[in-house]
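Student: heads up, no residue letters with this:
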Ligand code: RFL
Ligand code: PHB
């Protein structure tokens with residue numbers, strides 16, 4: 001088959017790109033190794049930056065998000081058993097984030113794409129990228145995992161295939177540099193059927209470490225605690241998990257956390273990672289394929305959308321005005337935003353977690369950082385601007 005842009009992956013990066021390209025009349029096909037059900041059911045991110053919310057609306061995909069998403073005008077930070085509200089809306093000229101789960105975003109993007117006549121081929125296997133240093137690149141794959149061999153002949157290949165996909169590996173090792181930091185802690189995340197305990201997200205650094213209270217719907221809540229990344233989830237009984245949540249969210253003002261049955265639990269490691277550059281020949285990589293942030297800053301999904309917004313503009317300039325300049329600068333433009341998001345995610349992570357490899361001195365510095373957000377408007381504004389989404393420069 002033949003299309004202008006062959007996209008590997010139907011996650012946030014791949015699907016937003018397909019919609020953005022359609023808007024400017026460029027054809028694209030997505031191939032995806034997982035089934036549609038799997039893509040639509042995997043629980044991941046929750047927080048959309050203000051401009052992503054606007055973009056969903058511009059693309060005609062915002063109706064359900066506006067109805068079911070939760071608009072937040074701030075977040076709560078907690079340490080020393082005390083809570084502090086960061087007034088994101090007040091500190092950023094009225095901007096807000098929306099908590100609308102990634103798999104709901106993906107359902108809307110997939111339904112929208114298919115109803116526009118777009119093609120997403122789910123359940124493929126053996127994805128191979130060819131000819132990215134020629135004018136005729138191609139993607140080979142097998143339908144239904146191991147079925148008939150098929151090929152997408154295209155002008156450009158986009159690796160929107162996550163951290164473990166083949167996209168990044170297709171850039172010759174000698175042409176890329178990878179920067180990485182692995183944290184000595186992970187997150188244990190649960191979904192619980194319980195009513196909301198607090199009106200906004202709570203990020204806490206308290207005795208035993210970090211915890212985060214987030215939401216999915218009025219009766220399903222998402223909570224995380226810092227844990228050993230190598231720990232086995234079978235070591236965490238429901239009682240032990242709730243015990244830790246009560247300790248880490250504990251205050252002295254009579255507030256209590258609402259418990260419910262745990263529907264799902266799992267442990268994820270935390271890492272920071274950047275691949276430079278994000279392009280080679282006619283291959284462009286976007287989203288988690290090119291960079292990973294620890295989830296403490298809620299940036300991963302948003303960065304993936306930022307990359308493909310830049311890429312769609314560059315491809316538009318190429319097809320419409322025959323200008324190569326933006327395409328040549330794709331990686332450089334993206335990396336400016338990527339490194340700022342890496343910095344913010346690292347700052348939130350180090351400030352909010354207990355790290356046994358750090359000295360007590362460093363721990364004290366993190367509490368000073370938290371106290372600065374409480375006492376200095378400049379500090380609070382910096383956090384708010386980053387959290388809600390930096391302007392594109
Ligand atoms: P994805 O979502 O991994 O999608 C890549 C897709 O490519 C497919 N694929 C292939 N397809 C065909 N052939 C192959 N060979 C393929 N190999 C892979 C995969 O099946 C997959 O469907 O990457 P993308 O599109 O770059 O999107 C990135 C985001 O998913 C990720 O950054 C966020 O989920 C990160 N994240 C968060 N981001 C936020 O912005 N806000 C948050 O609040 C937030 N919370 C989180 C998070 C990630 C988490 N986990 C599980 C790591 C919370 C958690 C717990
Ligand atoms: C989530 O709701 O899953 C979530 C929210 C905020 C984060 C990370 C994850 O920083």
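Tutor: Received the coordinates, thanks. On a predicted model such as this, the values are computed, not experimentally measured, just so you know. Numbers count the residues shown, from 1 in each chain. Ligands and ions are numbered 1, 2, ... in the order given.
Student: beta partners for the residue of the stretch 101-250 of the chain found nearest ligand 2?
Tutor: Nearest residue of the stretch 101-250 of the chain to ligand 2: residue 214, at 3.2 Å (CB to the nearest ligand atom). Just so you know, the C-beta spots here come from the backbone N, C-alpha and C atoms, and that holds for glycine as well. The bridge-partner assignment for residue 214, based on DSSP bridges, gives residue 222.
Student: Spit out the contact partners of it.
Tutor: Residues near residue 214 by CB atoms under 8 Å, 6 or more residues apart in numbering: 46-47, 99, 201, 221-224.
Student: can you redo those as TSV with pLDDT, neighbour count and distance to ligand 2?
Tutor: Converted to TSV, the contacts of residue 214 look like this (pLDDT from 0 to 100; neighbours: other CB atoms under 10 Å; distance: CB to the nearest ligand atom, whole Å):
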residue	pLDDT	neighbour count	distance to ligand 2
46	84	24	3
47	96	26	5
99	95	20	6
201	97	22	6
221	95	24	9
222	95	20	5
223	97	27	9
224	97	21	7
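Student: Among those, which ones lie close to ligand 1?
Tutor: Contacts with ligand 1 are made by 46-47 out of those, judged by CB under 6 Å from any ligand atom.
Student: Wait, a strand at residue 181?
Tutor: Yes. Under DSSP: H, G, I helix; E, B strand; the rest coil, residue 181 sits within a strand.
Student: surely it meets residue 272?
Tutor: Yes. Here residue 181 reaches residue 272: they are 4.3 Å apart, a contact under CB atoms under 8 Å.
Student: Does residue 318 belong to a helix, a strand or coil?
Tutor: Classified using three-state DSSP, residue 318 is helix.
Student: Number of residues surrounding it?
Tutor: 19 (other CB atoms under 10 Å).
Student: Repeat that for the one 5 residues further on.
Tutor: Per other CB under 10 Å, the neighbour tally for residue 323 reads 13.
Student: check contacts around it.
Tutor: So residue 323 contacts residue 317 (CB under 8 Å, 6+ apart).
Student: same thing with the one 10 residues further on?
Tutor: Remark: with contacts taken as CB under 8 Å, 6+ apart, residue 333 is in contact with 310, 326.
Student: does any part of the helix or strand harbouring it sit near ligand 1?
Tutor: Assigned by DSSP states H and E, residue 333 falls within helix 330-352. No. Legend: contact between helix 330-352 and ligand 1 by CB under 6 Å from any ligand atom is lacking; minimum distance shown is 9.2 Å.
Student: What is the subsequent helix or strand relative to that helix?
Tutor: helix 360-375.
Student: helices or strands up against that following helix?
Tutor: Helix 360-375 sits against strand 75-79, strand 82-86, strand 202-206, helix 330-352, helix 377-388, with contacts defined as 3 or more CB pairs under 8 Å, 6 or more residues apart in numbering; DSSP states H and E.
Student: would TSV of these with mean pLDDT be doable?
Tutor: TSV is the format used below for the helices and strands packed on helix 360-375 (pLDDT from 0 to 100):
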stretch	mean pLDDT
strand 75-79	97
strand 82-86	97
strand 202-206	96
helix 330-352	98
helix 377-388	98
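Student: which of these is buried the deepest?
Tutor: Ranked by mean neighbour count under mean count of other CB atoms under 10 Å, the helices and strands packed on helix 360-375 are led by strand 202-206, which reaches a mean of 22.
Student: any bit of it sitting next to ligand 1?
Tutor: No. Taking CB under 6 Å from any ligand atom as the criterion, strand 202-206 and ligand 1 are apart, separated by no less than 11.5 Å.
Student: Need the contact partners of that strand.
Tutor: With contact meaning CB under 8 Å, 6+ apart, strand 202-206 is reached by 75-81, 83, 210-213, 247-250, 296, 348, 351-354, 366-367, 370.
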